[in-house]
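[1] I would like to see how this sequence folds:
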Amino acid sequence: MNLKTSFAALTLLGALAAGGLTAAQPAPGPAPTAAAKAPPVPLLWKASKGEDTVYLLGTFHLLRPDDYPVAPAIDDALQASQRLVLELDPAEMNSPTLGLKMAQAGMRTDGTLLDSELPPETAKALQTWLAGNAARVQPMGLTAQSVQRFEPWFIALTVTLVEMTGHGLDPSLGLDSHLAQRAAEAGKETVGLETGEAQIAFLDGMHRPEQLQFLREALDSSGEKGAQELDRLHDAWRRGDERTLWNEMAVRMRTEYPALYHRINVARNDAWLPKIEALFAEPGDSLVAVGALHLLGEDGVVHKLQQRGYEVERVEPATP
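    As a prediction, the model looks like this:
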C-alpha cells in the first residue's frame, strides 16, 4: 500500500465508511485509559477572530488501543469548546441504517456483474484476495458470488477496511469516535459538516476510471507490504508530522491522481469552509475534528482560513 494510496483510502473511508461498513458492530466503548507509548502529538490548530476561537484537529479514522490516552492539548480544546464538529454527526454515523443505505447505494442496478467491467487481472486479484481472506469477509456476507452485485467503489472500500482492521486498526477507536463519546458524556453539542446521504452520493458519484483505479490499488496494497506502508502513515500521524503527511503523501496524490484528489479533498474543504467560518459567530468556542488531510497544505482548511484573515497557530507542534 503506497503512502498516497493509503492516505486517499483513509480520507475516502472517513466517518461514513468507518461507521457505515461496520454498522453491525456495537457502538464504540470507552477508549483505553492507559498506554505504553507517549500520546500522539496532535495535529491541532487554534483559529481566532477577536475573542472567538475555533480549534482544528486532524484525526485518524482508525486507531489502536495504545494510541490512547490523547494528548492533554486535545482534552483542553474539547473542554474549552461548547460544541464538537465532525465530518458526520455521530447519531447518524452510529445509526444501524447507515450501513444498509451505503450497501444499497453500492449495489449494481443495471443487471450486469462486477467482473463485466473489471480488467481480467483485477478480477483475478479480487478472487484471490477473497479466497485468502474468507474467514474475515464471509461473516460480512462477501463471497466470490456476492461481490458481483456491487460497484467497484464499495468493494474497494471494503477491501481497504478489511486490510486496515486486520492490521490492528479499529474504526471504533478512531479519534472521531472517541471525541464524540467524550462530548456526549460532557453534554456538549455535536454536529456534522456533511450528511450521510451527501457522503454516500459523493462516493457513488466517483467516475468509473476512479472507481476501477481505487479497487485495483486497494488489491495491490494488500498484504505485508501494505501493512508496512500503513505503519509509516500511522507513525507520521502519531508524530504530528504535517510535512511528511503533506509532502510525501498529499502532494504525490494530487500530482498523480488530480481528479480523485480534488474530489475527496479540495471540493469538500471548500464546501466546509463557510460552515466553519459560521462557527466564529456562535456563542462559545468550537472544536472541529476532521481527517488530517483536510487541514494540511495550501489546499487545507488551515491555509484557507489564514487567507481569509483569521489568525491560525499550531498548538503543541511536533518536535523536529
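[2] got a list of what residue 192 touches?
    Listed by CB atoms under 8 Å, 6 or more residues apart in numbering, the contact set of residue 192 reads 15, 85, 86, 87, 88, 89, 90, 92, 93. C-betas here are computed from N, CA, C, even on glycine.
[3] repeat that with 6 Å
    86, 88, 89 (CB atoms under 6 Å, 6 or more residues apart in numbering).
[4] how about the nearest residue to it, chain neighbours excluded?
    Leaving out its chain neighbours, the residue that sits closest to residue 192 by CB to CB, 6 or more residues apart in numbering is residue 89, at 3.6 Å.
[5] what does residue 272 give?
    Among residues not flanking residue 272 along the chain, residue 193 sits closest, at 4.9 Å (CB to CB, 6+ apart).
[6] and that neighbour, which of the three is it?
    strand (DSSP: H, G, I helix; E, B strand; the rest coil).
[7] measure it to residue 173 for me?
    22 Å (CB to CB, to the nearest Å).
[8] wait, residue 156 sits on residue 217?
    No. Residue 156 sits out of contact with residue 217 when judged by CB atoms under 6 Å, with a separation of 8.0 Å.
[9] Strands along the stretch 1-150 of the chain, start to end?
    43-49, 52-59, 81-88 (DSSP state E, counting those that start in this stretch).
[10] Could you list the buried residues of the shortest one?
    Right, strand 43-49. 43, 44, 45, 46, 47, 49 (16 or more other CB atoms under 10 Å).
[11] give me every residue that touches the second one.
    Residues in contact with residue 44 (CB under 6 Å, 6+ apart) are 57, 73, 315.
[12] Okay, and the beta partners of the last one?
    Counting by DSSP bridges, residue 315 is bridged to residue 44.
[13] Any regions of the stretch 1-150 of the chain where pLDDT drops low?
    1-36 (pLDDT under 70).
[14] how about a cut-off of 80?
    Along the stretch 1-150 of the chain, the parts satisfying pLDDT under 80 run over 1-36, 94-96, 99.
[15] thinking again about what came up before, quick one: the strands of the stretch 1-150 of the chain as JSON lines, columns for distance to residue 65 too.
    Below are these laid out as JSON lines (distance: least, CB to CB, whole Å):
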{"stretch": "strand 43-49", "distance to residue 65": "20"}
{"stretch": "strand 52-59", "distance to residue 65": "16"}
{"stretch": "strand 81-88", "distance to residue 65": "21"}
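[16] Quick check: which of those strands is nearest to residue 122?
    strand 81-88 (29.4 Å; CB to CB).
[17] What lies in contact with the closest one?
    14-16, 176, 179, 183, 188-194, 284-290.
[18] about what we covered before: residues contacting the residue nearest to residue 272?
    Counted by CB under 6 Å, 6+ apart, residue 193 has contacts 87, 272, 275.
[19] is it true that residue 233 lies in a helix?
    Yes. With three-state DSSP as the criterion, residue 233 is assigned to a helix.
[20] and it, how far is that from residue 166?
    16 Å.
[21] Of these two, which one has the most company?
    Using other CB atoms under 10 Å as the criterion, residue 233 and residue 166 rank with residue 233 on top: 24 against 12.
[22] Now do the more buried one against residue 226, distance only.
    Taking CB to CB, one finds residue 233 at 10 Å from residue 226.
[23] now do residue 67
    20 Å.
[24] what does residue 148 give?
    Distance from residue 148 to residue 226, by CB to CB: 24 Å.
[25] Run a quick neighbour tally on residue 178.
    Count around residue 178 with other CB under 10 Å applied: 23.
[26] give the contact list for residue 183.
    Residue 183 neighbours (CB under 6 Å, 6+ apart): 84, 190.
[27] what helix or strand is it on?
    helix 175-185 (DSSP states H and E).
[28] Now that helix: buried residues?
    Burial within helix 175-185, assessed by neighbour count using 16+ other CB under 10 Å, is assigned to 175, 176, 177, 178, 179, 180, 181, 182, 183.
[29] any chance of those residues in CSV, with pLDDT and distance to residue 101 too?
    Below are the buried residues of helix 175-185 laid out as CSV (pLDDT from 0 to 100; distance: CB to CB, whole Å):
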residue, pLDDT, distance to residue 101
175, 94, 24
176, 91, 19
177, 90, 19
178, 94, 24
179, 96, 24
180, 94, 20
181, 94, 23
182, 96, 27
183, 97, 24
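[30] which among the residues you listed gets closest to residue 198?
    residue 176 (16.6 Å).
[31] Next one: the closest one from residue 117, what distance?
    33 Å.
[32] Likewise for residue 183?
    For residue 183, the distance to residue 117 equals 42 Å [CB to CB].
[33] One more: residue 292?
    33 Å.
[34] okay, those two: which has more neighbours?
    residue 292 (26 against 15).
[35] give the contact list for the nearest residue to that one once chain neighbours are set aside.
    Nearest residue to residue 292, sequence neighbours excluded (CB to CB, 6+ apart): residue 58, at 3.2 Å. Listed by CB under 6 Å, 6+ apart, the contact set of residue 58 reads 43, 292, 295.
[36] Much appreciated, bye for now.
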